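Asks: Kindly return the folded structure for what I paste below:
(4 chains)
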There are 2 protein chains.
Amino acid sequence: MIDAGQVQGVGVAVSTVIFALRQHPDTGAVGLWLPLVRRIREPWQGRWALPGGMVRVTEGLELAARRNLLETTALEPTYLEQLYAFGEADRSPDGRIVSIVYWALVRADEASRAAVDENVQWFPADDLPELAFDHNLIVDYALWRLRTKVEYGRIAHAFLGETFTLSELREVHETVLRRPLDPANFRRQIESSGAIVSTEEVVTGGRHRPPRLYRFNTAVDLVDNGPLTPVRL
Amino acid sequence: MIDAGQVQGVGVAVSTVIFALRQHPDTGAVGLWLPLVRRIREPWQGRWALPGGMVRVTEGLELAARRNLLETTALEPTYLEQLYAFGEADRSPDGRIVSIVYWALVRADEASRAAVDENVQWFPADDLPELAFDHNLIVDYALWRLRTKVEYGRIAHAFLGETFTLSELREVHETVLRRPLDPANFRRQIESSGAIVSTEEVVTGGRHRPPRLYRFNTAVDLVDNGPLTPVRL
DNA sequence: GCAAAAGTGTTAGCTTTACACCCATGA
DNA sequence: TCATGGGTGTAAAGCTAACACTTTTGC
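Replies: Down below sits the predicted model:
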């Protein structure tokens, strides 16, 4: 996004909706959060906006998205997928910009390393302020995509570390879907899907039976993602 | 696509993959076909390519796609949805072009009205020649999207007229999915989905029991398409 | 009557959902 | 021993897939 500079011609920008799971500092509830950057010039000076910027002539779209994220938020997401191209003629008051929007998922530990200052802040995805441009619409669409992605198995991967308990995995699903899931049925479904592999380790320290640790199955993709598969590092 | 003309800066183009159901002139088999245009200049002069062209500063992306289709093929599709933005730095040998690709569905009667000459021709989607740019890849992706779209009920709408028999509807599904469907089960599924409404009319003239005619249910969308719903005229 | 497609019925097998119940640990 | 979440069992309900069977037309 950033501003265009070019009065004639169609400009190409990339923006990214970055999701992370975070605890609300007040309520303690876990939910989806995303980082926004404050615009430092017109149009929409002072408003919060998705991180992004113009695409350089020598770089591909996805690379441009990665570079921008690194520059503005210091994040290098493990999951990055194209969301949609927004290109109505009147979507920017200042010149003609087509924005290729990506969406990304980052783990909590990665997210906490993100640069945060007065111009970069995290917001709960379900409770955003009025953003610059059509960015509220874009975030709504990204949320919808995240929630309807059938291959939740893989989506959850991006939010978790190498190993995890079934409760942790279930919590990711519950948070994304905003509804509770039956632990017994969840276990069976995820196990029979082949998406995860059991390790021999368990986690001690809780005041209950120690849960087993699992790992995502790195074998051939279970889901048909089509010729264009999203990137997973 | 068309060629860029602009050596510096990122150009924005739109292209469209247009699908129609057609009978193969030799085998008689019904399948997916799409119109291609022959390139009349470099790069890829003489090769077949998806219809498309540069986006004008004053028009939105979808409008640009519609205008181009009308100009190059005289088609006005009833179903038009954005597919993907292709923007690798090296995808065009001649300047930097980002292509926003749409996919469209047209009915057989509309398709037959399409301008066809030595520079515009229909090809079977499963048996294409080597196309210009990365257009083979793009068509493969469009085919995958068409086949995995869950809401087949709505997809089929774009291929059929106002009223249709269940056999006709089933044939559309069978053609897209490339496998036979059980007539009995297909009837029950589609009826219980609420996607179609029975009319009082039947079709006489076949040497068998006259089938009832149906109509698509225009009531509120049954499928959650998200904030960005594809256009259906 | 016969061929052909329309349309109905039925059943086996699978998946989903709800919930009861036992297990292993820390305090 | 008790509270807590980990983990297993099970049965009802719903859905899918396969296929037998009846109906209604044109010839």
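Asks: which element is residue A:213 on?
Replies: If you go by DSSP states H and E, residue A:213 is part of strand A:212-216.
Asks: same check, this time on residue A:169
Replies: Assigned by DSSP H and E, residue A:169 falls in helix A:166-177.
Asks: List the buried residues for that helix?
Replies: Within helix A:166-177, the residues that count as buried by 16 or more other CB atoms under 10 Å in any protein chain shown are A:166, A:168-173, A:175-176. Just so you know, the C-beta spots here come from the backbone N, C-alpha and C atoms, and that holds for glycine as well.
Asks: Determine how far the last residue of stretch A:146-155 lies from the first.
Replies: 8 Å (CA to CA, to the nearest Å).
Asks: hang on, the earlier thing: run me through the strand neighbours of the strand holding residue A:213, direction for each.
Replies: strand A:163-164 (antiparallel), strand A:196-202 (antiparallel) (DSSP bridges).
Asks: hey, C-alpha coordinates of the helix holding residue A:169 in PDB?
Replies: The C-alpha coordinates for helix A:166-177 follow below in PDB (Å, rounded to 0.1, in the frame of the first residue of the first chain):
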ATOM      1  CA  LEU A 166      -3.500 -32.900  21.400                       C
ATOM      2  CA  SER A 167      -5.000 -30.300  23.700                       C
ATOM      3  CA  GLU A 168      -2.800 -27.700  22.300                       C
ATOM      4  CA  LEU A 169      -3.800 -28.700  18.800                       C
ATOM      5  CA  ARG A 170      -7.400 -28.700  19.700                       C
ATOM      6  CA  GLU A 171      -7.200 -25.300  21.300                       C
ATOM      7  CA  VAL A 172      -5.900 -23.900  18.000                       C
ATOM      8  CA  HIS A 173      -8.900 -25.400  16.200                       C
ATOM      9  CA  GLU A 174     -11.300 -24.100  18.800                       C
ATOM     10  CA  THR A 175      -9.800 -20.700  18.700                       C
ATOM     11  CA  VAL A 176     -10.000 -20.400  14.900                       C
ATOM     12  CA  LEU A 177     -13.500 -21.900  14.700                       C
END
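Asks: what does the average pLDDT come to for it?
Replies: Throughout helix A:166-177, pLDDT has a mean value of 95.
Asks: Please work out the angle formed by the directions of that helix and strand A:196-202.
Replies: Angle, helix A:166-177 to strand A:196-202, by axes from the mean of the first three to the mean of the last three CA atoms, to 10 degrees: 130 degrees.
Asks: which residues make contact with the helix or strand where residue A:147 lies from outside it?
Replies: Using DSSP H and E, residue A:147 maps to helix A:135-148. With CB atoms under 8 Å, 6 or more residues apart in numbering or on different chains as the test, helix A:135-148 has contacts from A:15, A:17, A:19, A:32, A:34, A:49-50, A:83-84, A:86, A:101, A:103, A:125-126, A:128, A:130-131, A:155, A:176-178, B:224, B:226-228.
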